[in-house]
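>>> requesting a structural model of the entry that follows:
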Amino acid sequence: MNTCFRLFVFTSLLVLPFLGSTQTGTSTMNGNTTAHTIRFDQAAKNFTESAPVGNGRMGLMQFGNPNRERLVLNEISMWSGGPQDADRENAHQYLKAIQEHLLAGRNKEAQALLMKEFVAKGPGSGYGNGANQKYGAYQILGDLLLTWKDTTKPVIAYSRELDLTTAVARTRYTRDSATITEVCWADFTNDIIWVRIHSSKPGAINLSLDLSRKENAISRVSGSMLLMEGQLPSGKDKGLRFAAVVQPEIIGGTIRQTTMGNRQVLSVENADELIIKISAATDYDYTKFGITGTDPLPTALAYLKTNLNYNSALEKNRVVYSGYYQRNQWSMPENPEVQRLTTQQRLERYATASHELKQDVRLQRVDPTLPVLYYNFGRYLLISSSRPGILPANLQGLWAEEYQTPWNGDYHLNINIQMNYWLAETTNLSDLAEPSGQEQDGRATLHHALARAASRRDPHRRARQTHRGDGRRGRICRHQAAFATAPLARE
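Residues are numbered from 1 along each chain as shown. Here you go, the predicted model:
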């Protein structure tokens, strides 16, 4: 996850084992919006201020810009790179010397020898910049840009929120007497993303739709749909294939193909309402933890069933999502004074209150539900970024805007993947930990992939031989893993 969300989740996770006031099991939310809603009064200025939605496989970040809206799209298997043999064959020859240095207290000497002779051969993970190496990196799927045509009038009554009880991100504002509402959510049942834009004033929706990616992809218009197809690099080879489809539907007005610069886009004119369905697929095989080379576009198109109804899909999604979210509840009394404040304002107020000298002033500024909101956001991110049967949440969870994510957005097995799943057991979400270590319906999950990935021949024996040299039973697991391999990373 990006820094803001990692800190947000990490600090909330630290207190989970000590929260005696929490309840697990089926529960009903008490209507306390300050414990379940993240609020903003302006559009996101950067990625960490945007609102994440996800269903474990597909994700979206809503920026809420009323002039040029950016919706960042993600898919959990969007990885560059591919299989590689990174075992250093003679590493075991240096193991005894490293151990002797450590036993003698010569830590610097042990570290120097280890980093020279006991790491991956070749570039490894690229020192955390492996997007164009064989190791690879988790990457953005693409951007869906909504450019409004009538932006000269001022925007008033702006609000943006993420409702944790329904997993819906919503932006609302008024311009030229038209109240525009943009709603984004990830469909757990149909495995797509929905965006709905509604105007209180008939014919007030005038915008262009552009699906783009900065590299390794080609976008085009096909009928009334936007299509994007591409292939990521695997070092100097070809890697994972991917496809994305944007299918808009309008009430009132027209939709037509046009150009913006040298790009094909769709133009929506004089519409009352716009509903967008977004699908994506890659050629990644979750049963074998590898890429297949097959065309992913037919799969992406198949997600967009012709009989999908927005309202019925939303209601079904609320039932599925709430089945996870309502399993656990932490209740605290609500201070009415904070109900209309943004989350940023509440954070600033909370910090100021801790430094107040007079106790009566501190009590007036008490916000008991802010820590609860923190806690609930952590649960929300786990539910939205992890799903049984597919890849686990990575360093980014599910959401990334980069082509070179920090530390490759990979799986750090020494602490970070554990941090992602600390919530699972303590908040009654055990089944969401299945991607990280269990086998379900014949689908091998991360532990099984790591066992294979040490070598494509005999993983356990070869890894033991190269790094221990004695052939004894046991396992060796690298501390960093990519989606298709687990090379011992060169830090």
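>>> now do the residue lying closest to residue 51 once chain neighbours are set aside against residue 64, distance only.
Nearest-residue entry for residue 51: residue 169, 3.9 Å, with adjacent residues in sequence omitted and distances by C-beta to C-beta, 6 or more residues apart in numbering. To be clear about C-beta, it is placed using only N, CA and C from the backbone, and glycine gets the same treatment. Residue 169 sits 8 Å away from residue 64 when distances are taken as C-beta to C-beta, to the nearest Å.
>>> overlap of the contact sets of those two?
Between them, residue 169 and residue 64 share these contacting residues under C-beta atoms under 8 Å, 6 or more residues apart in numbering: 51, 160.
>>> all helices for the stretch 151-300 of the chain, in order.
Taking DSSP state H, counting those that start in this stretch to define them, one finds helices in the stretch 151-300 of the chain at 297-302.
>>> pLDDT weak spots in it?
Applying pLDDT under 70 to the stretch 151-300 of the chain flags no residue at all.
>>> ranges for the strands of it?
Assigned strands in the stretch 151-300 of the chain, in chain order: 155-163, 168-175, 178-186, 193-199, 205-212, 217-222, 225-234, 237-251, 254-260, 263-271, 273-282, 284-285, 290-291 (criterion: DSSP state E, counting those that start in this stretch).
>>> could the ones you listed go into CSV alongside mean neighbour count?
Conversion of the strands of the stretch 151-300 of the chain to CSV gives the following (neighbours: other C-beta atoms under 10 Å):
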stretch, mean neighbour count
strand 155-163, 17
strand 168-175, 21
strand 178-186, 21
strand 193-199, 22
strand 205-212, 21
strand 217-222, 15
strand 225-234, 21
strand 237-251, 20
strand 254-260, 12
strand 263-271, 18
strand 273-282, 23
strand 284-285, 18
strand 290-291, 22
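>>> nearest to residue 387, of those strands?
Between residue 387 and the strands of the stretch 151-300 of the chain, the shortest separation by C-beta to C-beta is 10.5 Å, and it involves strand 178-186.
>>> picking that back up, TSV for the strands of the stretch 151-300 of the chain, including distance to residue 421?
Supplementary listing: these in TSV, determined by distance: least, C-beta to C-beta, whole Å:
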stretch	distance to residue 421
strand 155-163	22
strand 168-175	24
strand 178-186	20
strand 193-199	24
strand 205-212	33
strand 217-222	32
strand 225-234	27
strand 237-251	25
strand 254-260	43
strand 263-271	40
strand 273-282	24
strand 284-285	21
strand 290-291	24
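>>> which one, of those strands, ends up nearest to residue 129?
Counting by C-beta to C-beta, residue 129 lies closest to strand 225-234 out of these; the figure is 13.4 Å.
>>> what angle sits between the closest one and strand 237-251?
160 degrees (axes from the mean of the first three to the mean of the last three C-alpha atoms, to 10 degrees).
>>> please save the CA atoms from strand 225-234 in CSV.
Below are the C-alpha coordinates for strand 225-234, written out as CSV (Å, rounded to 0.1, in the frame of the first residue of the first chain):
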residue,chain,number,x,y,z
MET,A,225,-16.8,0.6,-25.7
LEU,A,226,-13.2,1.5,-24.9
LEU,A,227,-10.7,-1.4,-25.2
MET,A,228,-7.2,-1.6,-23.9
GLU,A,229,-4.8,-4.4,-24.7
GLY,A,230,-1.1,-4.8,-23.8
GLN,A,231,1.7,-7.0,-22.7
LEU,A,232,4.2,-6.3,-19.8
PRO,A,233,7.9,-7.0,-20.1
SER,A,234,9.6,-10.0,-18.5
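>>> got the angle between it and strand 254-260?
What separates the directions of strand 225-234 and strand 254-260 is an angle of 40 degrees, with the same axes, to 10 degrees.
>>> name the strands paired with strand 225-234 and say parallel or antiparallel.
Strand partners for strand 225-234, identified by DSSP bridges, are recorded as strand 217-222 (antiparallel), strand 237-251 (antiparallel).
>>> using JSON lines, please lay out the ones you listed together with distance to residue 309.
JSON lines is the format used below for the strands paired with strand 225-234 (distance: least, C-beta to C-beta, whole Å):
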{"stretch": "strand 217-222", "distance to residue 309": "23"}
{"stretch": "strand 237-251", "distance to residue 309": "11"}
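>>> closest to residue 131 out of these?
Within the strands paired with strand 225-234, the stretch nearest residue 131 is strand 237-251; the backing value is 10.4 Å (C-beta to C-beta).
>>> report the inter-axis angle for that closest one versus strand 205-212.
For strand 237-251 against strand 205-212, the angle between stretch directions is 170 degrees (the same axes, to 10 degrees).
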